[in-house]
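> can you look at this prediction? I've put the sequence above it.
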Amino acid sequence: MADSSQDLSKEWMFLAQNIASNAKHDSGQRFPPPICHPGARERVIEQLVRWSNDMDDQFNILWPYEPVGVGKSAIAQSVCERLERMKTLGTNFFFSSS
């Protein structure tokens with residue numbers, strides 16, 4: 001019988017080899033990243049941070065849908081950076097049209 005830690009290592013290696021690293025919030029491909037001006041959108045950012053840390057919430061995925069240019073990416077970037085500082089960032093994926 002195979003050791004379960006070896007199986008887990010194989011699974012992690014598979015995942016590590018198949019990530020979309022350019023889609024992460026801290027990817028060099030997204031430099032400079034879109035960000036909110038200091039103090040802007042604080043209420044929305046704080047609401048999203050609270051939602052992200054709410055383990056009882058039934059919704060596990062947030063899909064922002066607003067018109068082009070309203071700041072969805074900047075808000076998402078700001079939220080990811082804040083969660084990363086809090087050490088509670090799980091995962092993120094940024095789509096790009098370029």
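That came through, no problem.

> what segments of this structure are helices?
Here the chain has its helices, by DSSP state H, at 4-17, 42-53, 72-86.

> you'd agree Trp51 is up against Pro64?
No - in this structure, Trp51 is not within contact of Pro64 by Cβ atoms under 8 Å, at 11.8 Å. Every C-beta, even on glycine, is put in place using the N, C-alpha and C of the backbone.

> which residues touch Glu66?
Contacts of Glu66 were listed using Cβ atoms under 8 Å, 6 or more residues apart in numbering, and they are Lys72.

> find me the pLDDT at Trp63, would you?
As predicted, Trp63 sits at a pLDDT of 84.

> which stretches of the chain have low pLDDT?
For the chain, the stretches with pLDDT under 70 are 1-7, 23, 29-30, 57, 96-98.

> at 80 instead, please
1-8, 15-33, 55, 57-60, 91-98 (pLDDT under 80).

> rewinding a little: deepest of the helices of the chain, which one?
helix 72-86 (a mean of 18; mean count of other Cβ atoms under 10 Å).
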